[in-house]
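Chemist: Sequence first, predicted coordinates after that:
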Amino acid sequence: MNLSRDLPAAAHLAPAVGGSAAPGDTRQPRLLVSLATYNEAGNITALIREIHTIVPHADILVIDDNSPDGTGALVAELSQKDARIRLLARPGKLGLGTALVAAMRYAIANNYDYLLNMDADFSHPPRYLPGILAGMSHHDIMIGSRYVRGGGTENWPLARRMISQAVNWMVRLLLRMPVKDASGAYRCYRVSKLREVDLNRIRSRGYSFQQEMLFRCYKAGCRLGEFPILFENRRAGASKVNRMEALRSMSNLLYLGLRNLFGLEEVRRPN
Ligand SMILES: Nc1nc2c(ncn2[C@@H]2O[C@H](COP(=O)(O)OP(=O)(O)OP(=O)(O)O)[C@@H](O)[C@H]2O)c(=O)[nH]1
Ligand SMILES: [Mg+2]
């Protein structure tokens, strides 16, 4: 199903992993997995297949920014054969943060119970899906976490590990959130809680989106949990890590953190 042509209404009901959607609710939760892609043609087909092997009931939404390598066309073809697969085709590279906001709006509009996001390059191994989903029975957000016991990063250079640790240290200090890994994108959100967050308020377009989103959810009263994952290097394709964006994200975080410390980040409900 190609969403650039056709925005579908609620998809089929699905059985679930990870408990019911709300206390007392015995219905199985409906799960949407979102994958933002920019040049992931070498990964996307195998990744979708692997996700469906582990969670066959999941609907998968790919948000593709007109990848020059034809990722969007590949997903469009898959979506013709499998109703669980949907493509949101955007005209150009608009940034990972805006792709994730689009996925959140889609999950809300289509009444999913859980939205689970993963990178589309196999850095977030699908084998952790059952563990992350199981944690949703008593949390509103489950983080696939590199920095709790049992988690880690595979073959990351020292500089990258240090930067990642420094960002998380800064987040703990300025944003005062009780989590070890606030910068990873492997996360499951309870969609009813996303409805309570004003998505129009999110300033970050790039890397700092992860911290800002978590912060907004935390301020909205979400219970945060972490499940250990080993972050692996991408299987195919090239890294899109961008130094300019990294600097912009650091300054976004600093700005948000200082506003928080000065009490300027009160909770505001969406209209
Ligand atoms: N739709 C969309 N997806 C993006 C964009 N930038 C990155 N992505 C995707 O977001 C996911 C995470 O990307 P990053 O981890 O930031 O970058 P990366 O290229 O995977 O970097 P490495 O992990 O170092 O290889 C991947 O699935 C990318 O294809 C973007 O502007 N738009
Ligand atoms: Mg990656």
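Modeler: Yep, that arrived. Ligands and ions are numbered 1, 2, ... in the order given.
Chemist: Pull the number of nearby residues for Val148.
Modeler: The burial count assigned to Val148 is 16, neighbours taken as other CB atoms under 10 Å. Placement of C-beta: from N, CA and C, glycine included.
Chemist: Tell me how far the residue of the stretch 51-200 of the chain found nearest ligand 1 lies from Ile44.
Modeler: Distance from ligand 1 to each residue of the stretch 51-200 of the chain (CB to the nearest ligand atom) is smallest for Ala120, at 3.4 Å. As judged by CB to CB, to the nearest Å, Ala120 and Ile44 stand 6 Å apart.
Chemist: Now do the helix or strand containing Glu226: which elements does it pack against?
Modeler: Mapping Glu226 onto the secondary structure by DSSP states H and E places it in strand 224-228. Contacts of strand 224-228 with other secondary structure elements, assessed using 3 or more CB pairs under 8 Å, 6 or more residues apart in numbering; DSSP states H and E, are made with strand 141-145, helix 209-219.
Chemist: Could you identify which of the ones you listed has the lowest mean pLDDT?
Modeler: Ranked by mean pLDDT, those bottom out at helix 209-219, which scores a mean of 95.
Chemist: does any part of that helix sit near ligand 2?
Modeler: No. If you take CB under 5 Å from the ion as the test, helix 209-219 misses ligand 2, and the best it gets is 12.6 Å.
Chemist: List of residues touching that helix?
Modeler: If you take CB atoms under 8 Å, 6 or more residues apart in numbering as the criterion, helix 209-219 is touched by 95-97, 100-101, 140-141, 143, 167, 171, 175, 177, 179, 182-185, 187, 189, 193-194, 197-198, 201-204, 224, 252-253, 256, 260, 265, 267.
Chemist: try stretch 237-250
Modeler: Taking contacts as CB under 8 Å, 6+ apart, the residues outside stretch 237-250 that touch it are 38-43, 69, 121, 163, 167, 204, 206-208.
Chemist: hmm, 10 Å instead?
Modeler: 37-44, 67, 69, 71, 93, 95-97, 120-122, 160, 163, 166-167, 170, 183, 204-212, 233-234 (CB atoms under 10 Å, 6 or more residues apart in numbering).
Chemist: Who are the contact partners of Leu264?
Modeler: Taking CB under 10 Å, 6+ apart as the definition of contact, the neighbours of Leu264 are Leu256, Leu258.
Chemist: That concludes my questions; thank you for your assistance.
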